[in-house]
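> how does the following fold in three dimensions:
(one chain, ligands or ions: 1)
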Amino acid sequence: KMDVSFSHMQVDTEEFPLKKWLKCEQQALYNFTSLHKQYGDPKGIYELRASIAQLIAFNRGVRAHPEQIILGAGTQELMRTLTRLLPEETAYGLEEPGYQRVYQLLKQEKRNVITLPLDDKGIQAEGLRHYKPDVLFTTPSHQFPTGVIMPASRRMQLLNWASENPGRYIIEDDYDSEYKYDTDSIPSLQSLDRHEQVIYMGTFSKSLMPGLRLSYMVLPVQLIRSYQKMQPTFIQSCSTIQQISLKLFIDEGHYLRHTKRMKQVYKDKREACVAAFENVFGDNVTISGAKSGLHFVAAFRTEKTEAAIIAEAATQNIEVYSLSRFELESSTSHKRDPTLIIGFAGLHSEEMHPAVQALYKVIYD
Ligand SMILES: Cc1ncc(COP(=O)(O)O)c(/C=N/[C@@H](CCC(=O)O)COc2ccccc2)c1O
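Numbering: from 1, shown residues only. Predicted coordinates:
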């Protein structure tokens, strides 16, 4: 049996510049003790928020003053804070299939949640008129999990929808924007927004490591005012040591060098993985999902169900997840081929072929 993981939830930690990070952490500990002996700003340390503002302006054209940026230990944490800034009766629209952890969080917070259908350009604009959410949570730069990239035309439709009512917001979750192969990344929704109605969300989970638990959101001025009124009830969930370490890591240029290098590493891994699937499965597999991010979607021509494939794979020590994991309220598994989410970040190029062959045996033997 082989220990193989096609999990989409991992990065290639072997390439992580541990020595550089350690140096930043030592500096953070020794030179910033005054920051560590107090709780500090609930939004997070100003200096890190200033570095992030520069980074997302440079990388994604996001216009943000550091005082509009809130840090949090993960996207769910930020969403929890956001639900406290918006009216309790707000109806949140989520992509179907979509990010189940935000769906679960909103349900835990007893919020109204509406799931909205996708097409090959992302969220359907007419769905907004039909289902009437107040706030739309969307992943335009790389729809999670299908991988669709939302074209500029659809982005403008969403912004027009939002501009019709000042109470509407679009949460642009740009979680996977760092890794685009072959296609140029389309400017962020936030950079096109003229009415302060886009809440921009980002994370360091994919560009650095998920275990870092450091994510951020950029609030429009109106929501920052609401935040400031409630500020005494908030507290920062990220460690000040990690925050300063990250600030130094960014300011010393390690972050941009790392993401530039990882883009090539992941591009090569993606190509090797797709080639292995095409070589082993031939036309029994259909691969979709734009050339970006750390996973793609593979649909298999077989009578086996997704559940049977996942269970059988587990007996062979193969970790893999299916599309139904991300179906929030309605399942289409009955009218589509069994579909798996193939993460390649944790696989070495030389193990791609044997890993794909092991998966082939699970599905076709
Ligand atoms: C749409 C979307 N938005 C944000 C995030 C990131 O959340 P955060 O880490 O809390 O900031 C994810 C992580 N989604 C995770 C999948 C979750 C699941 O399948 O259950 C996968 O996340 C990673 C993938 C590769 C490398 C590192 C992380 C998100 O899918």
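
> residue contacts, residue 172?
138, 140, 188-190, 198-201 (CB atoms under 8 Å, 6 or more residues apart in numbering). The way it works is simple: take the backbone N, C-alpha and C, and place the C-beta from them, glycine included.

> near the ligand, which residues of the stretch 101-250 of the chain are found?
Within the stretch 101-250 of the chain, the positions adjacent to the ligand are 101, 139, 144, 173, 175, 203, 205-206, 210, 215 by CB under 6 Å from any ligand atom.

> picking that back up, ok, so of the contacts of residue 172, who is nearest residue 338?
For the contacts of residue 172, the residue nearest residue 338 by CB to CB is residue 138; the value is 26.5 Å.

> among the contacts of residue 172, which two are most distant?
The largest separation in these, counting by CB to CB, is between 140 and 199 at 12.9 Å.

> which parts of stretch 166-176 are buried?
Neighbour-count burial for stretch 166-176, counted by 16 or more other CB atoms under 10 Å, picks out 168-176.

> and the strands in the protein?
For the chain, the strands defined by DSSP state E occupy 4-5, 69-72, 91-96, 112-119, 122-123, 135-138, 169-173, 198-203, 215-218, 285-288, 295-300, 318-319, 321-322, 339-343.

> residue 20 is nearest to which of these?
Evaluated with CB to CB, these place strand 198-203 nearest to residue 20, the distance being 20.2 Å.

> give me the neighbour count for the residue of the stretch 1-150 of the chain found nearest the ligand.
Nearest residue of the stretch 1-150 of the chain to the ligand: residue 74, at 3.2 Å (CB to the nearest ligand atom). Neighbour count for residue 74, taken as other CB atoms under 10 Å: 19.

> wait, it sits on residue 212?
No: counting by CB atoms under 8 Å, residue 212 is not a contact partner of residue 74; they are 9.8 Å apart.

> anything in contact with each of these two?
residue 205.

> residues near the nearest residue to residue 45 once chain neighbours are set aside, how many?
Computed as CB to CB, 6 or more residues apart in numbering, the closest residue to residue 45 that is not its neighbour in sequence is residue 243, at 4.6 Å. By the criterion of other CB under 10 Å, residue 243 has 24 neighbours.

> residue 243 reaches residue 46, doesn't it?
No: the criterion here is CB under 8 Å, and residue 243 misses it with residue 46 at 10.0 Å.

> next up, the contacts around residue 46.
Taking CB under 8 Å, 6+ apart, we find residue 46 in contact with residue 66.

> circling back: which one among the contacts of residue 172 gets closest to the ligand?
Closest approach between these and the ligand, by CB to the nearest ligand atom: residue 201, at 7.1 Å.

> how far is the longest helix along the chain from where the chain is centred?
If you go by DSSP state H, the chain has its longest helix at helix 254-281. Here the centre of helix 254-281 is set off from its chain's centre by 18 Å, with CA atoms, centre = their mean, to the nearest Å.

> relative to residue 352, how far out is residue 283?
Using CB to CB, to the nearest Å, residue 283 is found at 19 Å from residue 352.

> and the closest residue in space to residue 86 that isn't next to it in sequence, bridged to which residues?
Spatially, and ignoring its direct neighbours in sequence, residue 86 is nearest to residue 135 (6.5 Å; CB to CB, 6+ apart). When bridges are called by DSSP bridges, residue 135 pairs up with residue 92, residue 169.

> so residue 135 touches residue 87, yeah?
No: using CB under 8 Å, residue 135 is not in contact with residue 87; the gap is 9.8 Å.

> more neighbours: which of the two?
residue 135 (24 against 10).

> list the buried residues in stretch 98-109.
Under the neighbour-count criterion of 16+ other CB under 10 Å, stretch 98-109 has 98-99, 102-103, 105-106 buried.

> now do stretch 193-206
193, 196-206.
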